[in-house]
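*Asks:* Prediction below, plus the sequence it came from.
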Amino acid sequence: MKIGVCLRYNDVNTVEYQVRNVKNAGFNSVQLIAWNHNIMTKDNAQIIKPYFEKYGVEISALWCGWEGPSVWNFYEGYKTLGLLPEEYRETRIKNLCTGSDFAKHLGVTDLATHMGFIPENPYDAQFGPMCDAIRRVAEYCKSNGQFLLFETGQETPVAMLRCIETVATDNLGINLDTANLILYGKANPVDALDVFGKYIRNIHAKDGVYPINGHNLGEERRIGDGKVDFRGLFIKLKELGYDSYVTIEREIKGEKQLKDIEYAKVYLENIITEIYGGDALC
């Protein structure tokens, strides 16, 4: 089991500093979070890749964003997020393909993103076109020898599973964000493993509480202070044979973010060691 953190790729010139800090904090893997497609180039990949090799930090996945608006709530979110909005779909397919190429240049085999609010109703007029769009990205990733990962949150586990079955390429997986299922009020992450557990290839270890109104998401919390049952989660992950990446995500800034990540590392290490055994962490 490999515990890592998220590393935001916003500027080529700051990457070595960030990677060094990650290593000094005791982590050996990161999920690289990238939204700026102008810096997702082969030349930049050749600049930053040696930094990860120098410090012995593995990139477990490239989390790729997309152009256009993004409003993370239950109203504007349907109009702005992922591949659901028709007016942004073609551009965002291209964005994700650019991310796939960038990941290939970095030697990364997993591309993750939020697909958007996958319709719960399979007869919804946008369900088919959205699946077609995801298939195009998945096939492009396959040509680069990669998996395409759905990040959880904006859909129920059944809707995600149905979409994966409909897209029906053999290179689809899931980036399980443990808090998002709760923040969006869609599921309990432990129970969700019964639905789609076999597809999980990476995990965002994050915590939070359920929504308290019909407009805004629930509130993210420090790991251990929210509704995620991490002990139950890892018990079930072990039953599923999962022994891969666990990426801590804390979506705040400043000194508290660093302290909460340090706390989360110890918290998760203790649980994983208890459930998987003393040699579980690497």
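*Replies:* Looks like it arrived, so ask away.

*Asks:* could you pull out the strands for the stretch 51-200 of the chain?
*Replies:* 58-64, 110-113, 147-151, 172-177, 200-205 (DSSP state E, counting those that start in this stretch).

*Asks:* Make a markdown table out of those and add mean pLDDT and distance to Val246.
*Replies:* In this view, the C-beta of every residue, glycine as well, is placed from N, C-alpha and C. Below are the strands of the stretch 51-200 of the chain laid out as a markdown table (pLDDT from 0 to 100; distance: least, Cβ to Cβ, whole Å):
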| stretch | mean pLDDT | distance to Val246 |
| --- | --- | --- |
| strand 58-64 | 98 | 9 |
| strand 110-113 | 98 | 14 |
| strand 147-151 | 98 | 14 |
| strand 172-177 | 98 | 10 |
| strand 200-205 | 98 | 5 |
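
*Asks:* Can you check which of these gets nearest to Leu32?
*Replies:* Comparing the strands of the stretch 51-200 of the chain by their distance to Leu32 (Cβ to Cβ), the top pick is strand 58-64, with 5.1 Å.

*Asks:* List the buried residues of that closest one.
*Replies:* Across strand 58-64, burial judged by 16 or more other Cβ atoms under 10 Å covers 59-64.

*Asks:* which SS class is Cys6?
*Replies:* Here Cys6 is recorded as strand under DSSP: H, G, I helix; E, B strand; the rest coil.

*Asks:* how many neighbours does it have?
*Replies:* The tally of other residues near Cys6 (other Cβ atoms under 10 Å) stands at 18.

*Asks:* That one contacts Val246, correct?
*Replies:* No - applying Cβ atoms under 8 Å as the test, Cys6 and Val246 come out as separate, 11.7 Å apart.

*Asks:* returning to that earlier point: greatest separation within the buried residues of strand 58-64: which pair is it?
*Replies:* Ser60 and Cys64 (13.7 Å).

*Asks:* any idea of the pLDDT on the spatially most distant residue from the centre of the chain?
*Replies:* Computed with Cα atoms, centre = their mean, the residue of the chain farthest from its C-alpha average is Tyr123, at 27.4 Å. The score at Tyr123 is 98. That number is its pLDDT.
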